[in-house]
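# Structure of the sequence below:
(one chain, ligands or ions: 1)
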Amino acid sequence: MAFVTRFAPSPTGPLHLGHAYSAILAHDMARAKSGQFLLRMEDTDLERCRPEYDALIQEDLAWLGLSWDGPIHRQAAHITSYNTRLEALEGKGLLYPCSCTRSDIRAALAAPQEGVGFNVYPGTCRQRGLGSRRPGDALRLDLAAAFDFLAATDLCFVETGPAHSGQHRIDRDQAVTQIGDVVLSRKGEDIVAYFLASAFDDADQGVTRVIRGEDLFDFTPVQVILQHLFGLPTPIYHHHRLIRDDQGKRLAKRDDARAIAKYRAEGATPADIRRMVGLPNP
Ligand code: GLU
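A predicted model of the protein is given here:
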């Protein structure tokens, strides 16, 4: 089977050592399998993403010696199409409009952070029909209804990463109590959930191996459920270890001290960066 993977940063800040690890690992795995390494900008957060970070990410990757195949896919250009595709679920009784506070919804849509689990929604708006949708309402997935809809489907995925390696079966009760009714979009406002856009793109780009940080492992069941609802294939997942700071915390965009651009300016070489994140030099 062809090996197609991707690096999917959000251009909301400079690349740091954690991104470098993720990108180099995915690149090296793809090249070792004579596969493809794609670059996708997950720039759906229109308030926080900046073209200058998009440019800097490309510069840093090229400096690290990583080349990507084909054109860069930018999600911001596809938000309308993600929302249109979501409409396919409308007649199936799986979505409902939700008018709970904007900040709740925005937090639910953002990419996840380590240690911040799902904010399980209590179902306040679950009885509302789609006909009652008002401007600004979010669309939530009724997760229990989605499981009923997919009743005959074996919901599972294969993981090859070090912490969770093996086959994972998605348990309905666990998902309903620990994930809940996730927000998928807010129509008319150019907002779509990260994990929905990324599930569509992985399928459209023919990604067979998703290589990403362990902090995203908990999102995988939601993506697998969405793949089945939209008739998309499920790739193999590989969630890798995270690069941490001296206090053991996962690096974040604000950790500019570990920005690749800063190491570059200080005279580090790509080989130094590989050593710093514990990856072999080719
Ligand atoms: N855009 C996400 C991030 O920067 C990565 C998503 C993914 O690899 O699936 O954390």
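
# what's near enough to touch L61?
7, 15, 23, 39, 68 (C-beta atoms under 8 Å, 6 or more residues apart in numbering). Where you see a C-beta, it was placed from the backbone N, CA and C, and this is true even at glycine.

# which parts of this protein sit against the ligand?
8-10, 42, 111, 198, 212, 216 (C-beta under 6 Å from any ligand atom).

# Now, the residues you listed that are in strands?
R212 (DSSP state E).

# which of the residues of the chain next to the ligand has the weakest pLDDT?
Lowest pLDDT among the residues of the chain next to the ligand: A111, with 59.

# Look up the residues forming beta bridges with the residue in the stretch 151-282 of the chain that the ligand sits nearest to.
Closest residue of the stretch 151-282 of the chain to the ligand, C-beta to the nearest ligand atom: R212 (3.5 Å). For R212, the beta-bridge partners are H239 (DSSP bridges).

# for the contacts of L61, which one is nearest C98?
Nearest to C98 out of the contacts of L61 is F7 (C-beta to C-beta; 32.5 Å).

# can you pull out the helices in the stretch 151-282 of the chain?
All helices of the stretch 151-282 of the chain, identified by DSSP state H, counting those that start in this stretch, fall at 172-178, 194-204, 220-229, 260-265, 270-276.

# Which secondary structure elements does the third one sit against?
The one in question is helix 220-229. In terms of contacts (3 or more C-beta pairs under 8 Å, 6 or more residues apart in numbering; DSSP states H and E), helix 220-229 is packed against helix 143-149, strand 156-159, helix 194-204.

# If we use 7 Å, what do you get?
Judged by 3 or more C-beta pairs under 7 Å, 6 or more residues apart in numbering; DSSP states H and E, helix 220-229 is in contact with helix 194-204.

# do the shortest one as well
Under the contact definition 3+ C-beta pairs under 7 Å, 6+ apart, helix 260-265 sits against helix 51-63.

# thinking again about what came up before, next, format the residues of the chain next to the ligand as a markdown table and append distance to S132 and neighbour count.
Output for these, formatted as a markdown table (distance: C-beta to C-beta, whole Å; neighbours: other C-beta atoms under 10 Å):
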| residue | distance to S132 | neighbour count |
| --- | --- | --- |
| A8 | 35 | 27 |
| P9 | 38 | 21 |
| S10 | 33 | 22 |
| E42 | 31 | 20 |
| A111 | 30 | 17 |
| S198 | 29 | 26 |
| R212 | 37 | 22 |
| L216 | 33 | 19 |
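
# what would the residues of the chain next to the ligand look like in CSV with distance to S34?
Below are the residues of the chain next to the ligand laid out as CSV (distance: C-beta to C-beta, whole Å):
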residue, distance to S34
A8, 21
P9, 24
S10, 29
E42, 26
A111, 31
S198, 25
R212, 22
L216, 26
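
# ok, residues contacting the top helix by length along the chain?
When the chain is parsed with DSSP state H, its longest helix is helix 17-32. Applying C-beta atoms under 7 Å, 6 or more residues apart in numbering, the external contacts of helix 17-32 come out as 3, 5-7, 9, 36-37, 61, 64, 66, 211-213, 240, 242-243, 250-251, 258, 260, 273-274, 276-277, 279.
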